[in-house]
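In: below are the sequence and a predicted model for it; my questions follow.
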Amino acid sequence: MKSNQANMRKGVCKYCGQVRMVTSEALTPQDDVDAFASKECNCLEAQLQRKNDRKYEKAKRNIEIIFKNDPETAEILDMAARKIADDAIDGIAVKCGKMTAKVSGTGKGTIKVTKQEKDESSLED
Ligand SMILES: [Zn+2]
């Protein structure tokens with residue numbers, strides 16, 4: 001049986017190791033409690049992570065708007081946006097037929113989402 005009773009649990013910030021008391025369900029895994037404590041922490045690393053999370057959330061929203069009819073591409077771009085927000089990669093381009101989708105980090109600390117549709121005519125012979 002699942003208990004809905006809220007308890008005070010000890011969560012450890014995964015960045016600085018600081019222990020915080022957080023309210024959580026008794027059956028919530030310790031990892032989730034720690035993740036919550038990390039989110040609440042005021043250490044530099046946690047602040048940076050929150051900044052990256054906001055960057056990702058904005059990019060995610062823009063991807064959903066631009067690629068709402070193309071869930072396959074949106075899924076790939078979403079994954080890339082997370083990596084860009086964490087500074088793991090600079091950007092990604094996905095090609096699908098005449099469409100090129102791009103997600104990339106900008107110098108301003110934002111993430112740019114682009115959809116290009118090339119209407120190309122070419123004749124041969
Ligand atoms: Zn911390």
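Out: Ah, there it is.

In: near the ion, which residues of the protein show up?
Out: 13, 15-16, 18, 41, 43, 46 (Cβ under 5 Å from the ion). To be clear about C-beta, it is placed using only N, CA and C from the backbone, and glycine gets the same treatment.

In: longest helix of the protein?
Out: Counting by DSSP state H, the longest helix found in the chain is helix 44-66.

In: and the angle from the following helix or strand past that one to helix 44-66?
Out: As assigned by DSSP states H and E, the chain's next helix or strand after helix 44-66 is helix 71-85. Counting by axes from the mean of the first three to the mean of the last three Cα atoms, to 10 degrees, helix 71-85 lies at 160 degrees to helix 44-66.

In: and helix 71-85, how far out from the chain middle?
Out: 8 Å (Cα atoms, centre = their mean, to the nearest Å).

In: name the residues that touch the next helix or strand after it?
Out: Moving toward the C-terminus from helix 71-85, the next helix or strand (DSSP H and E) is strand 91-96. Contact with strand 91-96 is made by 70, 73, 76-77, 80, 84, 100-105, as judged by Cβ atoms under 8 Å, 6 or more residues apart in numbering.

In: parallel or antiparallel, list what pairs with strand 91-96.
Out: strand 99-105 (antiparallel) (DSSP bridges).
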